[in-house]
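> What follows is a predicted structure for the sequence shown.
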Amino acid sequence: MNFSSPRDYRDIARQLIEIVGQGTFRMVKASCPLEDLFKPQGPGDIVIHDFEFACGQRFSLFADTYHGRASWQAEDKPPDQTKTIQ
């Protein structure tokens, strides 16, 4: 999903702060704390936050503020590495 405005992006970021706090998502990688998105001086031109559900499904929140692009998307889930022993 692509965002049509910076406000939409910040709205999702606010929701993610709450969801991470509840333990529904786990942040696995970030270029800055989500809270930095709300400071008067933004965190930089490229902002990336990667999240993971308990099941292993990952999502990425991305913004390129210089070029005016932002998105929220599911990442490809790596194949299950477990082996069945017979």
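In hand now; what should we look at?

> Just want the most central residue of this structure.
The residue lying closest to the centre of the chain (CA atoms, centre = their mean) is L61, at 3.2 Å.

> Check whether it really touches R14, as I assumed.
No: L61 lies out of contact with R14 (CB atoms under 8 Å); the separation is 11.7 Å. C-beta coordinates here come from the backbone N, C-alpha and C atoms, glycine included.

> Any idea how many residues pack against the residue nearest to D64 when sequence neighbours are not counted?
Spatial nearest neighbour of D64, chain neighbours left out: I46 (5.7 Å); criterion: CB to CB, 6 or more residues apart in numbering. I46 sits with 13 neighbouring residues when counted by other CB atoms under 10 Å.

> any idea of the pLDDT on T84?
pLDDT for T84: 47.

> If we ignore the residues flanking it in sequence, what's nearest the residue nearest to the centre of the chain?
Per CB to CB, 6+ apart, closest to L61 is H49, 4.4 Å.

> Name the SS class of that neighbour, please.
Under DSSP: H, G, I helix; E, B strand; the rest coil, the three-state class of H49 is strand.

> Next, the contact list for it, please.
H49 makes contact with A13, L16, M27, K29, A30, S31, L34, S60, L61, F62 under the criterion CB atoms under 8 Å, 6 or more residues apart in numbering.

> Hmm, F51 and the second one touching each other?
Yes: A contact is recorded between L16 and F51 when judged using CB under 8 Å, the distance being 6.9 Å.

> Pull the contacting residues for V28.
So V28 contacts D50, F51, E52, R58 (CB under 8 Å, 6+ apart).
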